[in-house]
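Need coordinates for the following:
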Amino acid sequence: MTEMYAPPGCETNLDDYETLRPGNGPLSILRSIKRATLEAEITLNKNRELQQIIFDGAIGVACDWLEATDGEAISEEVFQNLYDNGYASNPLAEILEIFYDWEDYQTVAQSYFVEREDSEAAKEALVENLRQEAAVGLIPTVFFDKYETYRVENPSGKKKLARYRVIDEVGAEDDTILQRYYKYLVVNHVTRNQRPEDEISEERKINLALGFTLKTKKPLSGFYAALRNSIGSLTEEQLMLTVEELGAYDYIYPDSRKRHLQTLVEVGYSEPETLNQIAA
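Sure thing, here's the model as predicted:
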């Protein structure tokens, strides 16, 4: 066996062979400590990220419930119903690990809901800002016009055809203005990297935002279908990612939001046998 020598000041003991190996020297021990500290920090950050995800999801469910019920605080029974049917991502036990107790969860959710209601004032301010931008030519002024649909005779004698006509200039509702504006943003976003020969005209972008053709007043097909006619390679997933990225979902698909809130109430209040009927 190779004879081992202890560093000056240390007693030589063959039982300490592992301690004396170069790989276990002071620098190695320091590296081990740093590595352990880093791993602990990474684990802590992952736990924090997970807790944040649970927190955000729980607040979202509670705020949706408050909106759907005109301000009723979510109960444990309602939350359990929502979780059991896929409308909440985390079980009650995990929610209670994030908050002090259920009342704390309800209180915190209420504070976030108040902020959501305050967004109505922010929405009005946004529309006013858009009007100012339209006045200087930054966005189409037609987005602010109020239209209605009517029917015209079909030359083939079949079902009458739908058309649009202006009934009030600059009289559109705020939600309609924002829907058109966000559709316009989405169209610009998904077409930003197109080749020059594939570029969509400004007129086409406006028509896509309005949902009908300005010249003929003919309605277009659904937003995605109409976009696909101009961008054949666009997938529905790509469109949804863009809509979510721009925070435009509730404006572009308002009916989907209404259905979601309505179903939330049905599921939250229902007894187990009724839930089976809803699921069917």
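
How about Glu245: what's its closest non-neighbour residue?
His189 (7.9 Å; C-beta to C-beta, 6 or more residues apart in numbering). Just so you know, the C-beta spots here come from the backbone N, C-alpha and C atoms, and that holds for glycine as well.

Can you report how many residues lie near Ala88?
Using other C-beta atoms under 10 Å, the number of residues around Ala88 comes to 25.

please begin residue numbering at 33 from this point
Right, with 33 as the first residue, what we last looked at is Ala120.

Unless I'm misreading it, it sits right up against Gly89, doesn't it?
Yes - if you go by C-beta atoms under 8 Å, Ala120 and Gly89 touch, sitting 7.1 Å apart.

now the strands for the stretch 183-312 of the chain?
Per DSSP state E, counting those that start in this stretch, the stretch 183-312 of the chain carries strands over the ranges 193-200.

Point out where it drops to low pLDDT.
229, 304-312 (pLDDT under 70).

Please enumerate the helices of it.
Secondary structure of the stretch 183-312 of the chain by DSSP state H, counting those that start in this stretch: the helices cover 206-222, 234-242, 255-262, 268-277, 281-284, 286-301, 304-311.

tell me which residues of the fourth one are tucked away?
Read that as helix 268-277. By neighbour count on 16 or more other C-beta atoms under 10 Å, the buried set for helix 268-277 is Leu271, Thr274, Val275.

Same question for the third one.
By 16+ other C-beta under 10 Å, the buried positions in helix 255-262 come out as Phe255, Tyr256, Ala258, Leu259, Arg260, Ser262.

cool, and the first one?
The neighbour-count check on helix 206-222 (16+ other C-beta under 10 Å) flags 208-219, 222 as buried.

re earlier: and which of the buried residues of helix 268-277 is nearest Ile130?
Of all the buried residues of helix 268-277, Ile130 sits closest to Val275, with 28.8 Å by C-beta to C-beta.

wait, that closest one sits on Tyr281?
Yes - Val275 is within contact range of Tyr281, at 5.2 Å (criterion: C-beta under 8 Å).

hang on, the earlier thing: can I get the buried residues of helix 268-277 in TSV with distance to Ser233?
TSV is the format used below for the buried residues of helix 268-277 (distance: C-beta to C-beta, whole Å):
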residue	distance to Ser233
Leu271	20
Thr274	20
Val275	22
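
List the contacts of the nearest residue to Leu271 once chain neighbours are set aside.
Using C-beta to C-beta, 6+ apart and skipping the chain neighbours, the partner closest in space to Leu271 is Tyr256 (5.6 Å). Each residue near Tyr256 by C-beta atoms under 8 Å, 6 or more residues apart in numbering is listed here: Leu266, Glu268, Leu271.

closest one to Ile127 among the helices of the stretch 183-312 of the chain?
So among these, helix 286-301 is nearest, using C-beta to C-beta, at 15.0 Å.

ok, residues contacting the closest one?
By C-beta under 8 Å, 6+ apart, the list of residues contacting helix 286-301 from outside reads 96-97, 99-101, 106, 110-111, 113-114, 117, 119, 207, 211, 281-282, 307, 310.

tilt between that helix and helix 206-222?
Helix 286-301 and helix 206-222 meet at an angle of 110 degrees, taking axes from the mean of the first three to the mean of the last three C-alpha atoms, to 10 degrees as the criterion.

tell me which residues of helix 286-301 are tucked away?
Leu296, Glu298, Val299, Gly300.

Could you check how far Asp177 is from Asp136?
Per C-beta to C-beta, to the nearest Å, Asp177 is found 48 Å from Asp136.

Of the two, which one has the most company?
The residue with more neighbours, out of Asp177 and Asp136, is Asp177; 19 against 12, by other C-beta under 10 Å.

That one: what's it in contact with?
Residues near Asp177 by C-beta under 8 Å, 6+ apart: Val198, Asp200, Glu201, Val202, Gly203, Ala204.
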